[in-house]
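[1] One predicted model, sequence on top.
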Amino acid sequence: MSDIPKLLLYSLNPQSRKQAEQSLEAYSRQPAFVIHLLQLVLDVTQDNAVRLAASVYLKNTVKLGWLEDDEHPISLADKEAIKPRLVPAMIALSNANEKAIRAQIAESVSLIAELDFPEKWPDLIDQLIQSLSSSDFHTNLGVLETAHSIFRSWRSQARSDEFWSIIKLVHSKFLDPYFELFKFTIARLLNSPDPLLAQTMAVLIELFYDLTCQDLAPAFEDGHEIFFGAQTGYFMQLMAWDPPELHTDPDEPTPSIPSKIRTGILEIAELYVKLYPEMLGRSQSVAAFVGAVWKLVGGGKQLGIAYDQLVSQSLRFISTAIRAGAYRDIFESRDTIQGLIAGVVVPNLPLRTRDVEAFEDTPLEYVRGELQVSEISTPRQAAADVVKALVGVGPDSEIATTTLALEWISRALSEAAQGGEDGWKSKDAAVYLFEAVATRSGTLTQGVTATNPNVNVVQWFADNIFGDLQAGAGNVNPVLQVDAIRYLFTFRNQLTKGQLVSVLPLLLNRLESKDVVVYTYATVALDRILSMRVGDSTTLLFTSADVQPFSHPLLKVLLDKIEAQTSPERVAENDFLMRCVARVIITAKQGLGQGYVDILRRLVSILSVIARNPSNPNFDQYFFESISGLIRFIGPAVPDSIAIFEPALFPPFTEILQKDIDQYIPYVFQILAQMLKLHRGVPVDYRSLLPFLVTPAIWAQKGSIPGLVALLRAFLARDAAAMVGANQHTSVLGIVQQRLIPSKANDGWGFELLQSIVLHVPLTALQPYFRQIILALLTRMQQNKTNIYIYYFVYFLLYVVAINVDGLTPDYLIQTVDEIQPGLWSQIVSNFVVPQAAQLAVKDRKVAAVGLTRLLTQSTLSLRKPNVERWPALLGQLAELFREPKAFASAEDAGTGMTEVDLEEQAAGYQASYSKLATAAEPPPNLVAYAGDVRTYVLGELKRLLSTEPGVKDFIKQASQDQVGPFLLGLGISI
């Protein structure tokens, strides 16, 4: 393993990354690999780039291999060897220049603790506590950061009994030393503003949030006054503590440690307002915090960038307190509202010099900061949210806030009208404030859904916004054009379809802008407008006919913008453009039939560039959605279009497979399956690919599995006979039984593929293997069952007896199961089918109902002991399926939507994650179409059974009459 440092460095270079990663993966399967990585991380003689790369690779190895059923699991010996070394490693990485490395090791600790603590890592908390020191705060900082890496996941974790037991265990062991260290640290810190003590206090504050975010332990309740006291509580003391020697440059983005501490305290205060208001009521803390916030941000001026996090959190606390309702007496007076608007809101609305520089120098970062936020993150956004909170608290507050805000907006617009170099800044702030005061409710993606009745957003658009949207390049400041576009998509729900159609050409004009922020905002507006729905339905507001006049010009401009770049990274940089391309294709549908060849050619050209170095998962997702969308809508509509798609796509797809560009392989398989479905049979080009698809190596990448399954299912549907003739169906069965079904991550795909095998492979060819299939499913059930596996298993059994396949009768299935063990079928029905059948999702219920009906009415073995003892319970489950009025509603076609890339996966880079192409999805086929209307089918089969087997009436009487009585009555059957 001596060359691992060199390989880690090579993995950072796009030119050598692929080969280096393959070599590292080979090493990762050797014993003690994770130990060796940790040693590299701690080796101060190594280059910092090597140490950081080793820490990242260690984290990813843990993430992908800690579970036993992972593709390449870490050995038990290595797990037990590395766990006791991690806390000392965190303590050892205490230097300031090791912060990034320490963060990766902390993530590894968090990942392992989430899976192993406390059962398989019982001494973790003890190890942390024993490492605390009364003199070495470097050690304490490492211990506290380790604890925070473990406990911070509590902030978003769902509640459960198991989780509560972990919380109680941690509280019982950790709280006493935590409180002692907090007391010891604050006493020294307030007397001596030491940076190390301050960093320690900042993490102690983070831990306070972690330890209280789910529930308050008695120790926190007992010590509430110590922390929250309005006069002398720890938090109030720290809110006033800001020693000059710890200040940072206010015009640089790095906040000072005292600012971090105060920000953390205000996060805790906000948490308590939401979850524990009764505790705050004991100490009049809210009024004290409001006073502290006013001292910080209420001076009527804009603070430096270094204070952004503190200002944003201060205003979030104010907004939360306003919305809580319990503190209305603090905020409801007109004087207070006027003070908030004048002293807090207005000063934080204007764009700063740094914002303007970002607009010009790093435009895409600027756009993402404005649009892709999971929470309010800037002072400007937080100030606007204070206004929204005041508007939403009640009619009186709404009127007062609206009146005062409109007065300021009117003055700002007057200033802007007078011109001057910075006049545009006044109008920008006015537009931003109007958007806030006009909004009652809405979301970032859906736009405003309810407006303030005291303003007219459409009229205000006509009076103040439309001119900026219409103005040509150079006639208005680009920031104001961005404001106009943002206003349009923010209030798109308040405009009629006709009004929206009339402004679409203006957005097309803005796409022509040379300003990146302007044309990117225009793409966002187009995407969000075209994705609008009719009311609460799933029907798109804009049809293919609506976009027909400008779809081709629009795609031309969008693709021109993308192709204007040259390097792979720059081409894929602006995923907003690519998302808009996909949205236009999805909306235009068959309307692109006249010009799709040129669109396809340009997409293939883009693929040839970005495939050299995949760098943006979002862009790639929308890129392949665009290709898939063309195939979906043009393929069936334009005769012989497949003869255009395949020659264009086969060469780049072949190169992707040959070069093993694993980021794109999952997409390639999905689109190949999509194109194959356009054929009635299987062309030679596809048939030659089949041996490759059933080799074990290609199934090693988890992200490829769903696409491979889709492709094999397409083969089976079109040419199962040829596969049987070449004995390739046995290879597919081997993949199902050996690789998919045993895996928790892939068992669902295994069942999908198995269902296609059962549906399309003749029973004569499947019969020699059918018993073994059932045995493999039962073995997994016995060894490692999960709730979702039980669901898949039960649905598969009902699927087998529901589909119309020669020879595949209910009795065939029952007989096969009982050959494994006499009476086994009766046990399966009792333990799995009866408890699960009525719980099946709506999309699966039609198959389930037909399957249950055939088991009840078309099986002689179901009427014999011991199976007949389960007959009444099965009838009860069939009745339960009919209990809901829409039990058998058709599944809607979800394939006309858009699929977002998971941001967590994106943050980890391209891992073996699966990105499903929404445009490649199809409505599920009606597998039981032969049955016709389900209710009629069930009625007919039950009546036939009653006429041929009169004794069945006794079985019906044994069933739960609460279940079957109304069901049979509804069918018109009387017993």
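    Perfect, I can see it now.
[2] okay, and for this protein, where does confidence drop off?
    Applying pLDDT under 70 to the chain flags the ranges 372-374, 885-914.
[3] Tell me the first helix or strand C-terminal of the longest helix anywhere in the chain.
    Secondary structure of the chain read by DSSP state H shows that its longest helix is helix 161-191. Per DSSP states H and E, the first helix or strand lying C-terminal to helix 161-191 is helix 195-212.
[4] May I see the buried residues of the helix or strand following that following helix?
    Using DSSP H and E, the helix or strand that follows helix 195-212 in sequence is helix 218-222. Residues of helix 218-222 classed as buried: F220 (neighbour count, 16 or more other Cβ atoms under 10 Å). For every residue, glycine as well, the C-beta is placed using N, CA and C.
[5] ok, now stretch 736-749?
    By 16+ other Cβ under 10 Å, the buried positions in stretch 736-749 come out as V736, Q737, R739, L740, I741, P742, S743, N746, D747, G748, W749.
[6] Those residues: which two are farthest apart?
    Farthest-apart pair in those is Q737 and G748; separation 15.1 Å (Cβ to Cβ).
[7] okay if I get the buried residues of stretch 736-749 as a markdown table plus distance to E357 and secondary structure?
    Shown next, in a markdown table, are the buried residues of stretch 736-749 (distance: Cβ to Cβ, whole Å; DSSP: H, G, I helix; E, B strand; the rest coil):
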| residue | distance to E357 | secondary structure |
| --- | --- | --- |
| V736 | 57 | helix |
| Q737 | 60 | helix |
| R739 | 53 | helix |
| L740 | 53 | helix |
| I741 | 57 | coil |
| P742 | 56 | coil |
| S743 | 50 | coil |
| N746 | 48 | coil |
| D747 | 52 | helix |
| G748 | 49 | helix |
| W749 | 49 | helix |
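[8] follow-up on the earlier one: check the offset of the longest helix of the chain from the chain's centre.
    Averaged C-alpha coordinates place helix 161-191 at 32 Å from its chain's average position (Cα atoms, centre = their mean, to the nearest Å).
[9] Equivalent analysis for stretch 721-732, please.
    That offset, for stretch 721-732, works out to 38 Å (Cα atoms, centre = their mean).
[10] end to end, how far does it reach?
    Terminal residues of stretch 721-732 are spaced 14 Å apart (Cα to Cα, to the nearest Å).
[11] and for that stretch, what are the contacting residues?
    Residues outside stretch 721-732 that contact it (Cβ atoms under 8 Å, 6 or more residues apart in numbering): 682, 687, 690-691, 694, 712, 715-716, 720, 753, 757, 761-762, 765-766, 769.
[12] try it again with 6 Å
    Stretch 721-732 is contacted by residues V694, L712, V761, A765 when judged by Cβ atoms under 6 Å, 6 or more residues apart in numbering.
[13] Report the contact partners of V952.
    The contact partners of V952, by Cβ under 6 Å, 6+ apart, come to L945, L946.
[14] the strands in the protein, which residues?
    Under the criterion DSSP state E, strands of the chain are mapped to 439-443, 447-451.
[15] Which of those sits closest to L504?
    Across those, closest to L504 is strand 447-451 (Cβ to Cβ), at 16.0 Å.
[16] coming back round to it: so which elements touch the longest helix of the chain?
    helix 124-131, helix 195-212 (3 or more Cβ pairs under 6 Å, 6 or more residues apart in numbering; DSSP states H and E).
[17] how much space between L24 and L40?
    Distance, L24 to L40, using Cβ to Cβ, to the nearest Å: 12 Å.
[18] that older thread, packed most tightly, which of the helices and strands packed on helix 161-191 would that be?
    Highest mean neighbour count among these (mean count of other Cβ atoms under 10 Å): helix 195-212, with a mean of 21.
[19] Any idea how many residues pack against V356?
    V356: 13 surrounding residues under other Cβ atoms under 10 Å.
[20] Once you drop chain neighbours, what's closest to it?
    Of all residues not flanking V356 in the chain, V479 sits nearest, at 7.6 Å (Cβ to Cβ, 6 or more residues apart in numbering).
[21] and what of I318?
    In space, and not counting its chain neighbours, I318 is closest to V386: 5.5 Å by Cβ to Cβ, 6+ apart.
[22] if I look at the one you found, how far off is N348?
    9 Å.
[23] Just say which of the strands of the chain is most tucked in.
    For those, the highest mean count by mean count of other Cβ under 10 Å goes to strand 447-451, at a mean of 16.
[24] correct me, but D811 touches Q858?
    No: the criterion here is Cβ atoms under 6 Å, and D811 misses it with Q858 at 8.2 Å.
[25] okay, the strands of the chain in TSV with distance to A358 next?
    Output for these, formatted as TSV (distance: least, Cβ to Cβ, whole Å):
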stretch	distance to A358
strand 439-443	25
strand 447-451	24
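[26] and K843, which of those strands is closest to it?
    Judged by Cβ to Cβ, the one of these that comes nearest to K843 is strand 439-443, at 26.9 Å.
[27] Can you pull out the residues in contact with that closest one?
    Residues from elsewhere that reach strand 439-443, judged by Cβ under 6 Å, 6+ apart: K388, V448, T449, A450, T451, N452.
[28] again with stretch 626-642
    Contacts of stretch 626-642 (Cβ under 6 Å, 6+ apart): 581-582, 585-586, 589-590, 593, 596, 603, 645, 671, 674, 678, 917, 919-920.
[29] swap the cut-off to 7 Å and go again
    Residues outside stretch 626-642 that contact it (Cβ atoms under 7 Å, 6 or more residues apart in numbering): 581-582, 585-586, 589-590, 592-593, 596, 599-600, 603, 645, 671, 674-675, 678, 917, 919-920.
[30] cool, stretch 19-36 as well?
    Against stretch 19-36 from outside (Cβ under 7 Å, 6+ apart): 1, 4, 7, 10-11, 57-58, 61, 72, 74-75, 78, 81-82.
[31] Out of those residues, which comes closest to R368?
    S11 (26.7 Å).
[32] isn't R612 right next to P568, touching?
    Yes: assessed by Cβ atoms under 7 Å, R612 is found in contact with P568 at 4.7 Å.
[33] between the two, who's got more neighbours?
    Legend: neighbour count by other Cβ under 10 Å for R612 and P568, higher for P568 (19 against 15).
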